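Participant: Sequence first, predicted model second:
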Amino acid sequence: MPKRRNAPGRNLRIADQIQRDLAELIRTEIKNPAIHSITVHSVELTRDYAHAKVYFTSLFGAPDVLQAALNQSAGHLRNLLFKRLHIHTVPTLHFIWDKTPENAIHMDALIREANAPYASEQSTLDDTVSQDNVSQDKETDSI
């Protein structure tokens, strides 16, 4: 008998639901005030729903301290998720610091650095064009 596959997109729908529920549960149910400032960016589920990688960021606090606190609360959060989700297997939660914002800032700096010579050329061209326009305006005014 062929193995039954999950409905298309079900994994993504469950991951999105876990993300929404976790964001609310962390804000309302966790007692540690340092954890309240985190943002859950995404959740990746394994195909069998046994494990979930939860990517998060925060403006305040050290990433390793927040990650340790969240991983310590993972069992409690999983229990609360079990009460909310209506699926057979609620995944084990693994919290991971999301480096996407840091990588985006780094990529932006690299792009600016790569475009810096072109930007200086463009500014000198703009200056030349504007000086030509000013001199043409003076000529038309004198006529």
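Facilitator: Alright, I've got the coordinates. Numbering: from 1, shown residues only.
Participant: pLDDT weak spots in this protein?
Facilitator: Regions of the chain meeting the criterion pLDDT under 70 cover residues 1-7, 121-143.
Participant: Would you map the strands across it?
Facilitator: 38-45, 51-58, 92-97 (DSSP state E).
Participant: Distance check, the nearest residue to Asp64 once chain neighbours are set aside against His51.
Facilitator: Distances taken as C-beta to C-beta, 6 or more residues apart in numbering put Trp97 closest to Asp64, at 7.7 Å, once the chain neighbours are dropped. C-betas here are computed from N, CA, C, even on glycine. Counting by C-beta to C-beta, to the nearest Å, the gap from Trp97 to His51 is 17 Å.
Participant: Between these two, which is the more surrounded one?
Facilitator: Trp97 (16 against 13; other C-beta atoms under 10 Å).
Participant: That one is in contact with Val65, isn't it?
Facilitator: No. Using C-beta atoms under 8 Å, Trp97 is not in contact with Val65, being 10.5 Å away.
Participant: Which residues are in contact with the residue nearest in space to the middle of the chain?
Facilitator: For the chain, the residue sitting closest to the mean C-alpha position, by C-alpha atoms, centre = their mean, is His41 at 4.6 Å. By C-beta atoms under 8 Å, 6 or more residues apart in numbering, His41 lies in contact with Tyr55, Phe56, Thr57, Asp98, Thr100.
Participant: Could you identify the most distant pair in those?
Facilitator: Put simply, by C-beta to C-beta the two of the contacts of His41 set farthest apart are Phe56 and Thr100, 10.8 Å from each other.
Participant: Comparing those two, which residue is more hemmed in?
Facilitator: Between Phe56 and Thr100, counted using other C-beta under 10 Å, Phe56 has the larger neighbour count: 23 against 11.
Participant: can you map out the helices along this protein?
Facilitator: Under the criterion DSSP state H, the chain contains helices at 10-29, 63-84, 100-142.
Participant: before we move on, the earlier item: could you measure the residue nearest to the centre of the chain against Lys53, distance?
Facilitator: 11 Å.
Participant: Ok, Ile111 next?
Facilitator: 28 Å.
Participant: Of the two, give the one with the bigger neighbour count.
Facilitator: Lys53 (15 against 10).
Participant: which non-adjacent residue is nearest that one?
Facilitator: Glu44 (4.5 Å).
Participant: I appreciate the help and will end here.
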